[in-house]
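K.L.:
show me the folded form of this:
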Amino acid sequence: MEIKTNNFPVQELKREDFPAVLREIPGSPEALYYRGSLPSFEKSWIAMVGTRRASDSAEEICQKLLQSLCGTDAVVVSGLAQGIDSFCHTAAIHFSIPTVAIIAQGIEAEFTGTRKILARRILEAGGAIVSEYPGDKASLKFMFPMRNRIIAGLSKSVTLVESKKHGGGMITVEYAQKFGRKVLAVPGNLLSSNAQGPLDCLALGIATPIWNTKDFADLCGSKRLSDITPQDLPHMGIQISDTAQTLFIQHAGFTHSLDELCTSSSLPISELFAILTELEIAGLVHSKDGNAFHFSSAE
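P.N.:
Model prediction:
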């Protein structure tokens with residue numbers, strides 16, 4: 001599946017339009033180039049990084065961490081690499097959490113293999129692919145740490161899931177320290193090489209440990225939508241129709257079956273499904289089975 005320029009044209013974000021957290025870092029780029037839709041910078045951008053050669057349990061760990069971000073204003077930022085990056089992007093898409101991939105190549109350079117498929121999925125899910133390099137410049141070694149500085153610069157916190165002692169994820173952690181970002185780490189098997197990076201961060205007091213995946217949403221700095229009023233939504237880049245907002249306010253904070261919502265709203269089921277989809281995309285409603293729908297609190 002090819003990413004077509006006419007479907008997702010390249011756009012430029014000038015330095016003066018960067019969020020302050022990125023504009024103020026040392027060596028901030030002059031511009032960023034992107035495809036897709038950039039989530040509002042008013043949301044909580046959360047970086048998640050780690051090794052390309054992840055352990056057998058890493059994908060499930062990433063899924064559990066991302067699941068805890070449902071019902072928050074989180075935007076998941078990673079690097080579109082195999083392993084941890086891909087697991088996090090994929091889980092974010094699954095849970096309808098906005099996700100942004102920062103790449104170490106020109107914005108028009110072609111992707112190959114599974115990265116090509118994942119890039120397409122990110123764009124189709126309403127996320128973005130971002131680079132500081134215009135054109136089709138191929139990846140060079142120096143671009144990867146430069147990419148990592150942007151990941152850290154855009155984010156409120158950086159979570160190291162798995163990494164070797166001197167892995168690329170550790171470079172992102174170093175930038176996070178320099179930029180004053182919070183660092184989190186997943187404790188791992190003492191005998192695993194993939195756990196040595198997080199364990200070193202914890203031993204040195206650099207990182208806060210994640211002992212329970214359910215705590216991740218609070219630890220990483222995301223805001224629960226239960227703390228956000230409907231009036232806040234436009235400022236966060238969340239635009240929903242009047243009908244969707246009415247349904248959200250009426251049922252906020254509760255879980256309802258589809259039958260209950262049909263009865264209480266008096267809407268045709270086709271229209272109700274469309275509104276529920278709109279609210280799910282906005283991160284205000286979550287459903288595991290398509291029958292029971294949990295509405296985040298409005299206050």
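K.L.:
just after the helix or strand that contains Arg115, pick out the following helix or strand.
P.N.:
According to DSSP states H and E, Arg115 maps onto helix 113-124. Where DSSP H and E defines the elements, the next helix or strand beyond helix 113-124 is strand 128-131.
K.L.:
just the buried positions in the helix holding Arg115, please.
P.N.:
Arg115, Leu118, Ala119, Arg120, Arg121, Ile122, Leu123 (16 or more other CB atoms under 10 Å). (Glycine included, C-beta is placed from N, CA and C.)
K.L.:
what is the neighbour count of the spatially closest residue to the fifth one that is not a sequence neighbour?
P.N.:
Right, the one you point to is Arg121. Distances taken as CB to CB, 6 or more residues apart in numbering place Ile93 nearest to Arg121, at 5.7 Å, with adjacent residues excluded. For Ile93, the neighbour count with other CB atoms under 10 Å is 20.
K.L.:
if we can go back for a sec, so what secondary structure elements neighbour the helix holding Arg115?
P.N.:
Judged by 3 or more CB pairs under 8 Å, 6 or more residues apart in numbering; DSSP states H and E, helix 113-124 is in contact with strand 31-36, helix 84-94, strand 99-102, strand 128-131.
K.L.:
partner strands of the first one, parallel or antiparallel?
P.N.:
In its sheet, strand 31-36 lies beside strand 11-14 (antiparallel), strand 128-131 (antiparallel), with partners assigned from DSSP bridges.
K.L.:
quick one on the thing from earlier: ok, now which ones touch the residue nearest to Arg121?
P.N.:
Thr99, Arg121, Ile122, Ala125, Gly127 (CB atoms under 8 Å, 6 or more residues apart in numbering).
K.L.:
of the helices and strands packed on helix 113-124, which is nearest Met143?
P.N.:
Among the helices and strands packed on helix 113-124, the nearest to Met143 by CB to CB is strand 128-131 (8.9 Å).
K.L.:
could you export the helix holding Arg115 as CSV, keeping only the C-alpha atoms?
P.N.:
Only the C-alpha atoms of helix 113-124 are listed here, as CSV (Å, rounded to 0.1, in the frame of the first residue of the first chain):
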residue,chain,number,x,y,z
GLY,A,113,8.1,-3.5,4.5
THR,A,114,6.1,-3.3,7.7
ARG,A,115,7.0,0.4,8.2
LYS,A,116,5.1,1.2,5.0
ILE,A,117,2.0,-0.5,6.2
LEU,A,118,2.2,1.0,9.7
ALA,A,119,2.8,4.5,8.3
ARG,A,120,-0.4,4.2,6.2
ARG,A,121,-2.4,3.0,9.2
ILE,A,122,-1.2,6.0,11.3
LEU,A,123,-2.2,8.4,8.6
GLU,A,124,-5.6,6.8,7.9
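K.L.:
how far does that helix sit from the chain's center?
P.N.:
Its chain's average C-alpha position is 15 Å from that of helix 113-124, according to CA atoms, centre = their mean, to the nearest Å.
K.L.:
can you check stretch 94-106 too?
P.N.:
7 Å.
K.L.:
let me see the backbone angles for His294.
P.N.:
phi -100, psi 120 (degrees, to the nearest 10).
K.L.:
pairing partners for it in the sheet, please.
P.N.:
With DSSP bridges as the rule, His294 is bridged to Thr255, His286.
K.L.:
quick one: buried residues of the one helix or strand Ile151 maps to?
P.N.:
Here Ile151 sits within helix 143-154, counting by DSSP H and E. Buried residues in helix 143-154, defined by neighbour count with 16+ other CB under 10 Å: Met143, Phe144, Met146, Arg147, Asn148, Arg149, Ile150, Ile151, Ala152, Gly153, Leu154.
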